[in-house]
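K.L.:
quick one, fold the following:
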Amino acid sequence: MTDWLVRRFLAGASTTDPAGRTRYGQFAGIVCIVCNVLLCIAKGIVGVVAGSVSIVADAVNNLSDASSNIVALLGFKLASKPADDEHPYGHGRFEYLASLTVAALVLAVGINLVISSIQKVVSPAPTEFGPAVVAVLALSMAVKSWMALFNGSMGRRISSKTLEATAVDSRNDVLTSGAVLAAAVVSHFTGFDLDGMAGAVVGAFICWSGFSLVRDAIDPLLGRTPDPALIEHIHDKIMGYPGVLGTHDLMVHDYGPGRQFASAHVEMAGEGDVFASHDLLDNIEQSFLKEGLVMTLHYDPIVTDDPSVADMRHWVSIHIREIDPRLTIHDLRTVPGPTHTNVIFDCVRPHDLAMTNGELCAAISEMVASRFPRAVCKITIDNSYVSSQQ
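P.N.:
Alright, predicted model coming up:
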């Protein structure tokens with residue numbers, strides 16, 4: 001069904017460029033608004049007639065879902081605005097704000113459902129049961145199951161956290177309607193009213209789900225660690241070019257889906273043609289740009305024709321892992337003198353290393369001096385901004 005809708009209404013729309021993503025997101029929002037409004041009307045009528053607080057709450061939940069879809073639709077529209085003087089990186093983070101708003105609405109619905117259900121438990125009222133109740137709840141579960149699959153599929157196609165959050169919300173609605181239906185059946189045949197308790201349990205589940213969605217929506221706004229798969233891809237792609245000896249200091253900045261910027265240092269032989277090295281880095285940057293990633297590369301020349309420096313670099317890079325296996329070094333060079341040799345290099349440390357920068361430098365200096373007695377280390381400590389340092 002989803003594939004047919006995409007072919008019918010989104011033919012030719014790209015899933016990667018901002019304009020195409022906007023079309024996908026807005027179409028998904030319109031479809032969900034129509035479905036939620038129809039479900040809200042059907043459930044509201046049946047819930048009021050049957051006197052079921054859980055069914056009425058479920059109807060209100062559908063109305064809030066429609067509001068969430070409107071927020072998501074506006075988020076895609078605002079995120080598609082081009083860059084301007086005040087926002088040179090575009091407006092893509094509007095989509096993250098929309099995702100956060102949807103998550104907050106889910107959490108609010110859960111809290112409201114818990115409160116109303118507790119009131120029903122404290123002050124129980126008779127709940128009617130009949131074919132209309134079963135039919136509207138079964139219909140709701142069927143429609144919401146399809147909406148969960150639809151939004152999940154659309155979200156994966158355009159890598160949208162907003163649509164993925166909407167898919168989770170639809171899944172929660174399936175569980176909500178299922179619990180309400182089960183409570184109605186049990187209450188009808190046993191005479192024990194479970195309507196309020198079922199609503200409280202479902203409300204608690206929705207609250208937990210909403211909290212998880214809020215946490216996931218906040219992460220990209222705060223600047224979360226890049227996807228390890230992306231880091232590995234960037235590292236392997238750079239290292240795949242001839243003449244590249246190493247890469248480090250990778251940083252990735254996310255300004256919204258499809259709007260990522262990255263920078264890295266690339267080690268190349270300092271004895272080579274600097275213009276040829278610059279041309280190679282330009283080619284690498286253009287290759288990443290074709291993938292939608294704006295990359296800026298910095299040329300780091302290193303000495304490759306001095307065996308003693310190469311041996312020292314290799315020894316330090318291996319043995320520094322005895323302090324912590326995640327530690328790496330780069331840009332090692334030496335300045336020989338009559339009484340000692342300055343060994344200058346950078347060390348990349350993970351953010352959770354249980355050592356201060358001073359303690360780390362002292363430990364490294366002691367380790368290097370044990371192998372190279374004339375060496376005096378001049379170390380610059382860098383922080384790692386990725387989850388796995390290559």
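K.L.:
residues in contact with the residue sitting nearest the centre point of the chain?
P.N.:
Nearest to the mean C-alpha position of the chain, counting by CA atoms, centre = their mean, stands residue 220 at 5.9 Å. Residues in contact with residue 220 (CB atoms under 8 Å, 6 or more residues apart in numbering) are 93, 96, 161, 254. In this view, the C-beta of every residue, glycine as well, is placed from N, C-alpha and C.
K.L.:
and residue 127, what pLDDT?
P.N.:
The model reports residue 127 with a pLDDT of 60.
K.L.:
now stretch 34-45: how far from the chain's centre is it?
P.N.:
32 Å (CA atoms, centre = their mean, to the nearest Å).
K.L.:
how about residues contacting it?
P.N.:
55-56, 58-60, 62-63, 65-66, 69, 136-137, 139-140, 143-144, 147.
K.L.:
residue 379 - how many residues pack around it?
P.N.:
18 (other CB atoms under 10 Å).
K.L.:
looks like it contacts residue 361 (just checking).
P.N.:
Yes - look at residue 379 against residue 361 with CB atoms under 8 Å: they come within range, at 4.8 Å.
K.L.:
got any residues that touch both of these two?
P.N.:
With CB under 8 Å, 6+ apart as the test, residue 379 and residue 361 both reach residue 347.
K.L.:
picking up where we left off before, in helices, which of the contacts of stretch 34-45 fall?
P.N.:
Cross-referencing these against helices under DSSP state H gives 55-56, 58-60, 62-63, 65-66, 69, 136-137, 139-140, 143-144, 147.
K.L.:
pLDDT below threshold where in the protein?
P.N.:
Applying pLDDT under 70 to the chain flags the ranges 52-54, 57-58, 125-129, 387-390.
K.L.:
tell me where it has strands.
P.N.:
244-254, 260-269, 293-302, 328-336, 341-349, 375-383 (DSSP state E).
K.L.:
thinking again about what came up before, what subset of the contacts of stretch 34-45 is buried?
P.N.:
The neighbour-count criterion (16 or more other CB atoms under 10 Å) marks 55-56, 58-60, 62-63, 65-66, 69, 136-137, 139-140, 143-144, 147 among those as buried.
K.L.:
give me the nearest residue to residue 100, chain neighbours excluded.
P.N.:
Closest residue to residue 100 apart from its sequence neighbours, by CB to CB, 6 or more residues apart in numbering: residue 217 at 3.9 Å.
K.L.:
contact partners for the one you found?
P.N.:
Counting by CB under 8 Å, 6+ apart, residue 217 has contacts 96, 99, 100, 102, 103, 161, 165.
K.L.:
any idea which of those is closest to residue 51?
P.N.:
Residue 51 lies nearest to residue 102 out of those, by CB to CB, at 30.8 Å.
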